[in-house]
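S.K.: got a predicted model here, sequence first, then my questions.
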Amino acid sequence: QTVVTQEPSLTVSPGGTVTLTCASSAGAVTSDYYPNWFQQKPGQAPRALIYTTNNKHSWTPARFSGSLLGGKAALTLSGVQPEDEAEYYCLLYYGGAWVFGGGTKLTVL
Amino acid sequence: QVQLQQSGPGLVKPSQTLLITCAISGDSVSSNIGAWNWIRQSPSRGLEWLGRTYYRSKWYNEYAAFVKSRISINPDTSKNQFSLQVNSVTPEDTAVYYCARGVTTFDYWGQGTLVTVSS
């Protein structure tokens, strides 16, 4: 069973920069895995931020960016805002099936 | 603007069948460039993609291996909606269930349906 691993929690100061990563137990993450990133706040459905590694949806704030970094998918937030405090999930495609990561709880403090 | 509206029971008894529907507005379940997914979330298991249905001259379904033997996702073109059926439910199937649109991303989501499996 494929496992997708994220940092359980990260803390960042307002205005700072933070990078979340997403690793696959199957090996290095590439664009072939169509990496996606989602933000979820309590009581809400996940909201799509990034798709196919580094593409933004029309509603994605400019401070969010996606990339591949050291064999992992990465989500970078630059100029973090208090409203960015949330759970972040990555999503990878494994040829016919999608697998979510366990999520990263981002605290803005 | 795409909207997905879910409906279904909040409580299902063990061994029974769970059925949730997702009504689509602003798009078509028969779109030949789209796909329609079911995802669930629980505190113990996190977010889990369950499967999807899509139309490419004919209907296709893909299901997650861990639940493949128990689920069915069906389109209803007359009502522009799709449904999730999970058979033989157990308390482990207690979760918030979401429908979502997308092929390489899940851009629009339903509001979520909390389903509790309990006698």
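M.R.: Ah, there it is. Numbers count the residues shown, from 1 in each chain, chains lettered A, B, ... in the order given.

S.K.: and the closest residue to chain A within chain B, what does it touch?
M.R.: Nearest to chain A, among the residues of chain B, is B:Thr105, at 3.5 Å (Cβ to the nearest Cβ). In this view, the C-beta of every residue, glycine as well, is placed from N, C-alpha and C. For B:Thr105, the contact set (Cβ atoms under 8 Å, 6 or more residues apart in numbering or on different chains) comprises A:34, A:36, A:48, A:51-52, A:57.

S.K.: of those, grab the buried ones for ChimeraX.
M.R.: Buried residues among these (16 or more other Cβ atoms under 10 Å in any protein chain shown), as a ChimeraX selection:
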select /A:34,36,48,51
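
S.K.: tell me the predicted confidence for B:Ile20.
M.R.: On the pLDDT scale, B:Ile20 is placed at 98.

S.K.: beta partners of the most centrally placed residue in chain A?
M.R.: For chain A, A:Trp37 is the residue whose C-alpha lies nearest the centre (Cα atoms, centre = their mean; 3.9 Å). Beta-bridge partners of A:Trp37, counted by DSSP bridges, are A:Ile50, A:Cys90.

S.K.: one step back: closest to chain B out of the contacts of B:Thr105?
M.R.: The nearest one, if we look at these relative to chain B and count by Cβ to the nearest Cβ, is A:Tyr51, at 3.5 Å.

S.K.: quick revisit: check what pLDDT the residue of chain B closest to chain A gets.
M.R.: In this prediction, B:Thr105 has a pLDDT value of 97.

S.K.: try A:Gln1
M.R.: Confidence score, pLDDT, at A:Gln1: 82.

S.K.: give me the three-state assignment for the residue of chain B closest to chain A.
M.R.: coil (DSSP: H, G, I helix; E, B strand; the rest coil).

S.K.: distance of it from A:Leu92?
M.R.: 12 Å (Cβ to Cβ, to the nearest Å).

S.K.: got the phi and psi for A:Asp32?
M.R.: phi -70, psi -20 (degrees, to the nearest 10).

S.K.: hmm, I typed the wrong one, I wanted B:Arg56.
M.R.: phi -140, psi 80.

S.K.: can you tell me how far the residue nearest to it when sequence neighbours are not counted is from B:Gln1?
M.R.: Closest residue in space to B:Arg56, ignoring its immediate chain neighbours: B:Asn32 at 5.7 Å, by Cβ to Cβ, 6 or more residues apart in numbering or on different chains. Between B:Asn32 and B:Gln1 the distance, using Cβ to Cβ, works out to 21 Å.

S.K.: determine the longest strand present in chain B.
M.R.: strand B:46-55 (DSSP state E).

S.K.: residues contacting it, please?
M.R.: For strand B:46-55, using Cβ under 8 Å, 6+ apart, the contacting residues are A:46, A:89, A:91, A:97-100, A:102-103, B:29-32, B:34-42, B:59-64, B:66-68, B:71, B:73-75, B:82, B:84, B:95, B:103.

S.K.: many thanks, we can stop here.
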